[in-house]
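# What follows is a predicted protein model with its sequence.
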Amino acid sequence: MCLYCNQRFQETTAAQRHMESKGHTKMGYEGEFLLEYEDFYDFTSANESDAAAEKDPNDEAYDLDGTGYEMTLPSGAVIGHRELSRFYKQSLRPVKDVALVSRVVGHYKALGWKSDEQGMGYARNMLNQLNRAKKDQYKKRLSLGMQTNKIKMEHYRRAYGF
């Protein structure tokens, strides 16, 4: 017998196949099904959480920001939307070592990067030049490889025209 829809079957394997194919691998928990489980489960905490969930989120106890992605609770905690979870999971460590920062900036200057006086346009141009150089290098290697293959294929003979 299916636990979710109470459909009866001749064999247990048929019931298992039905439950897996229909997604009935759970127990019915709405309406009259709750009465069947009343002897085995305590539903008082579920009823209390339902009453708490019915609370209106537009109530003045909750403060929703203008974007709709963050809500401030009465305790002062800020909760965010699940779409932003990748940002909330980040743990950014502040850099306190001034010598390390100056050393990294020195390395960047040695590579030809300039300060942000010229804006992000300069960085974008540098990135485009690097990408173009990589693409040109790839094309040259590809053409050289093709030419080498043609030269070294002395054993090749066409399969037609005997």
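Everything's here; your move. Quick caveat, the model's predicted, so the values are computed rather than measured.
# Rounded mean pLDDT for the longest helix belonging to the chain, please.
Secondary structure assigned by DSSP state H gives helix 120-151 as the longest helix of the chain. Mean pLDDT, helix 120-151: 84.
# what about residue 19, how many residues close to it?
19 (other Cβ atoms under 10 Å). Any C-beta I mention is one placed from the backbone N, CA and C, and that applies to glycine too.
# Quick check: it vs residue 96, distance?
Applying Cβ to Cβ, to the nearest Å, the value for residue 19 to residue 96 is 58 Å.
# With residue 75 instead?
Separation of residue 75 from residue 96 (Cβ to Cβ) stands at 31 Å.
# now swap in residue 69 and tell me
Counting by Cβ to Cβ, the gap from residue 69 to residue 96 is 31 Å.
# If you count surrounding residues, which of the two has more?
Legend: neighbour count by other Cβ under 10 Å for residue 69 and residue 96, higher for residue 69 (13 against 7).
# Now do the contacts for the more buried one.
Applying Cβ atoms under 8 Å, 6 or more residues apart in numbering to residue 69 gives the contacts 80-81, 83-84.
# Run a quick neighbour tally on the nearest residue in space to it that is not next to it in sequence.
Distances taken as Cβ to Cβ, 6 or more residues apart in numbering place residue 81 nearest to residue 69, at 4.4 Å, with adjacent residues excluded. Here the number of neighbours of residue 81 (other Cβ under 10 Å) works out to 12.
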